[in-house]
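*Asks:* Just the structure for this:
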Amino acid sequence: MPVRPTPVESRHSRRVRFPGGNGFDLAGIVDLPSAGPHEFVGDGDTLREEASADVGPLQQSPVIVFSHCFTCNKDLKAIVRLGRALAGEGIAVLRYDMTGLGGSDGDFSRTNFTTNLADLRAAIHFATGELGPVTGLLGHSFGGAASLAVAGDASGLPQSLRAIAALAAPSDTQHLAALMAKMNPAIQNDGAGEVEIGGRRWMIRREMLDDFRSHHLDQWISKISLPLMLLHSPVDRTVGFDHALRIMQLASGRRDGAPPTAVSLVALDGADHLLAKNPDDLSYVAGLLASFYWRHR
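*Replies:* Numbers count the residues shown, from 1 in each chain. Take a look at the predicted model:
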């Protein structure tokens, strides 16, 4: 059984591209533990790396696929720093851009939760071939919802998966449809409209909201059989803490006669949704996640 290494700063990262689940190539970054000297240098959000960095499957490290939030990408500060920190703890991480976001191909306005799930499954497939069997999923916000859905779908669940973690994740997808429709009624009335998120304008189509409304995330959550860690701030103004409590209740009270899922809920005191205000929040979360993924390797 591999032993969790002492945390180190030595790691390297490399850019990758792979086929997504919707006919478009996706952009990703693999953050890898490294026993040698620094092979990767970054200034906070910008990556500089050795183009020749090439590794085969990692047999000793947990392998994690990290999914970002709605309209976000792999280069969001929190995702960058968490990916790097986990690599420093000996964990291999694939963080990637879903269709139409960041460096990935495709039209974001034509995506939805169904396409998110397809992209996550494609990322798991790629990471398995590139790094070795994926042992854990990590998702932030809507990416957490996607991770929970995949974890609850036994028919498509990789046998290598051992643990799931969701950071500030919603307990349903309908609330986002309601929020987008409220932000711009033209989406529902006229079929499309723009909304402002994170200082950018995004085209949202009615088909996207219809897809959000069609999913029943609660049914997937209630079927999760793997250890689950939920990390959520009680003062999160984007996704309320009640979502974390509902996820915990759904996952803990399985209705199929199987033993209850082991669920841990960590209240991130004072943290914001993007973990942007206090750098100590990211360090705290990274340490908890590293222990969780090594424990369930």
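*Asks:* Once you drop chain neighbours, what's closest to Tyr284?
*Replies:* Leaving aside its chain neighbours, Tyr284 sits nearest to Leu268 (7.5 Å; criterion: CB to CB, 6 or more residues apart in numbering). (Glycine included, C-beta is placed from N, CA and C.)
*Asks:* Make sure that neighbour is actually in contact with Val285.
*Replies:* Yes: between Leu268 and Val285 there is a contact under CB atoms under 8 Å: 7.0 Å.
*Asks:* Nearest residue to Gly103 in space, ignoring adjacent ones along the chain?
*Replies:* Leaving aside its sequence neighbours, Gly103 sits nearest to Ala27 (CB to CB, 6+ apart; 3.2 Å).
*Asks:* sorry, back to before: tell me who's in contact with the residue nearest to Tyr284.
*Replies:* 231-234, 275, 281, 284-285 (CB atoms under 8 Å, 6 or more residues apart in numbering).
*Asks:* Return the closest of those with respect to Leu86.
*Replies:* Using CB to CB, Val285 comes nearest to Leu86 of those, at 10.0 Å.
*Asks:* Spell out which residues sit in contact with that closest one, please.
*Replies:* Val285 makes contacts with 82, 167, 231, 268, 275, as judged by CB under 8 Å, 6+ apart.
*Asks:* pLDDT at the residue nearest to Tyr284, what is it?
*Replies:* Per-residue pLDDT puts Leu268 at 98.
*Asks:* please renumber so the chain begins at 11
*Replies:* From this message on, residue numbering opens at 11, which makes the last subject Leu278.
*Asks:* shaky segments in the protein?
*Replies:* Within the chain, the stretches with pLDDT under 70 are 11-20, 45-69, 264-268.
*Asks:* Is it correct that the residue nearest to Gly113 is in contact with Gly30?
*Replies:* No: using CB under 8 Å, Ala37 is not in contact with Gly30; the gap is 9.6 Å.
*Asks:* Mutual contacts of these two, please.
*Replies:* Joint contacts of Ala37 and Gly30 (CB under 8 Å, 6+ apart) are Ser114.
*Asks:* what about the two, which has more around it?
*Replies:* More crowded of Ala37 and Gly30, by other CB atoms under 10 Å: Gly30, with 27 against 21.
*Asks:* Pull the contacting residues for that one.
*Replies:* Here Gly30 is in contact with 36, 108-109, 114-116, 128-129, 132-133 (CB under 8 Å, 6+ apart).
*Asks:* What distance do you get for it to Glu217?
*Replies:* Distance, Gly30 to Glu217, by CB to CB, to the nearest Å: 19 Å.
*Asks:* try Pro180
*Replies:* Pro180 is 20 Å from Glu217, by CB to CB.
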